[in-house]
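Participant: what's the 3D shape of this:
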Amino acid sequence: MSISEKTLTAAIVAALKANEAISDVYNQNFAVRYKSDGSPVTEADMQADKIILKHLKSTNIPVLSEERQIPPYAERKNYDYVWMVDPLDGTKEFTRKNGEFTVNIALIHQQEPVFGIITAPALNVGYLGRKNHGAYKIRDINDWNKTPVAINYKNFLKESTPIPGGNAAPESTVAISRSHFNPSDNELIRQLLNHKGEPSYISRGSSLKFCLLAEGKARFYIRTDKIHEWDTAAGHAILLAAGGAITTWPDKGRFIYNKESLQNPGFVACTNPGELELLKTKFSF
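Facilitator: Modelled structure (predicted):
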């Protein structure tokens, strides 16, 4: 099955409506609960999840969401297409009210991300990427729910700014997690960049680190602690659409989705696929 514009429109509308609900909660006092793994969850997470599922249901494509029970792998392994959703990525940043949280929606085809949309309601910006169709930055993302213009894939792209492929930040610029950076990664980063000088770090919450790479504001995003597929899928799709690449680390393999375990391995993402291939050849850990 090819990806229809109706399917992509459903994902865009889902992200925009979730964006609005999250903003409503963000601007009030809200309670924070904690899951069994210690991660925080709020009413915004749950509302966004319901809204996204409602809009994606029309696509007849299965949905895997952080906030829902995951079907057994015996069932999932037969999915050709599947939505990978984090209704509110960066809940820690949401509770700290620093603005660095996002809605992540990605479409996976045969374990590869082929479409992704990320919205950041507090920053009033969004990003979209589609395989073989390029990546886009969407300014004033919060205005879309108020516009008289029909929300559909074509109109959305008309009002968005293409992200040129091949953007490249200074070679030593590395995006790192604001809340989850592992200090032991410093040594790995220095080894990877030993011919480029001391690393220059840019810290961001949520999937915004992938967006930094897509725009060419950072050169690498390196992560060795484990995060889940819904944390990376949309950003991965946008990075690929902008001409970037990602590899698992340290085994330097293909970065895939809808695995038996939905926890990711470590990875290195880069704006330049050629540079990533060089790293694969040069370094062995």
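Participant: CA only for contacts and neighbour counts going forward, please
Facilitator: Will do.
Participant: now do the contacts for N132.
Facilitator: Taking Cα atoms under 8 Å, 6 or more residues apart in numbering, we find N132 in contact with A241.
Participant: next one: it from I108, what distance?
Facilitator: 14 Å (Cα to Cα, to the nearest Å).
Participant: quick one: secondary structure of the residue nearest the centre of the chain?
Facilitator: Taking Cα atoms, centre = their mean, the centroid of the chain lies closest to G235, which sits 2.9 Å from it. Put simply, G235 is helix when judged by DSSP: H, G, I helix; E, B strand; the rest coil.
Participant: in which helix or strand would I find the residue nearest to it when sequence neighbours are not counted?
Facilitator: In this structure, G235 finds its nearest non-sequential neighbour in F210, 5.1 Å apart by Cα to Cα, 6 or more residues apart in numbering. Following DSSP states H and E, one finds F210 within helix 208-215.
Participant: I'd like the next helix or strand past that helix.
Facilitator: With DSSP H and E, the next secondary element past helix 208-215 is strand 220-223.
Participant: which residues does that next one contact?
Facilitator: Here strand 220-223 has contacts from 172-176, 181, 185, 189, 209-210, 213, 266-271, using Cα under 8 Å, 6+ apart.
Participant: just the buried members of the residues you listed?
Facilitator: 172-176, 181, 189, 209-210, 213, 266-271 (16 or more other Cα atoms under 10 Å).
Participant: before we move on, what's the pLDDT of the residue nearest to the centre of the chain?
Facilitator: What the model reports for G235 is a pLDDT of 98.
Participant: change the start of the numbering to 18 and stick with it
Facilitator: Taking 18 as the first residue, the last one we looked at is G252.
Participant: contacts only, for it.
Facilitator: N121, G133, I134, I135, S224, L225, F227, C228.
Participant: nearest to K243 among those residues?
Facilitator: S224 (14.3 Å; Cα to Cα).
Participant: strands of the stretch 18-167 of the chain, residue ranges please.
Facilitator: Taking DSSP state E, counting those that start in this stretch as the criterion, the stretch 18-167 of the chain carries its strands at 49-51, 57-59, 80-82, 98-106, 119-126, 129-137, 142-147, 151-156.
Participant: mind exporting the fourth one as PDB, just the C-alpha atoms?
Facilitator: Listed next in PDB are the C-alpha coordinates belonging to strand 98-106 (Å, rounded to 0.1, in the frame of the first residue of the first chain):
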ATOM      1  CA  TYR A  98       2.800  -0.300   8.300                       C
ATOM      2  CA  VAL A  99       2.500   0.900  11.900                       C
ATOM      3  CA  TRP A 100       2.200   4.300  13.600                       C
ATOM      4  CA  MET A 101       4.800   4.900  16.400                       C
ATOM      5  CA  VAL A 102       3.500   7.600  18.800                       C
ATOM      6  CA  ASP A 103       4.800   9.500  21.800                       C
ATOM      7  CA  PRO A 104       1.900  11.800  22.700                       C
ATOM      8  CA  LEU A 105       4.100  13.900  24.900                       C
ATOM      9  CA  ASP A 106       7.800  13.400  24.600                       C
END
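Participant: report the rounded mean pLDDT for it.
Facilitator: pLDDT averaged over strand 98-106 gives 98.
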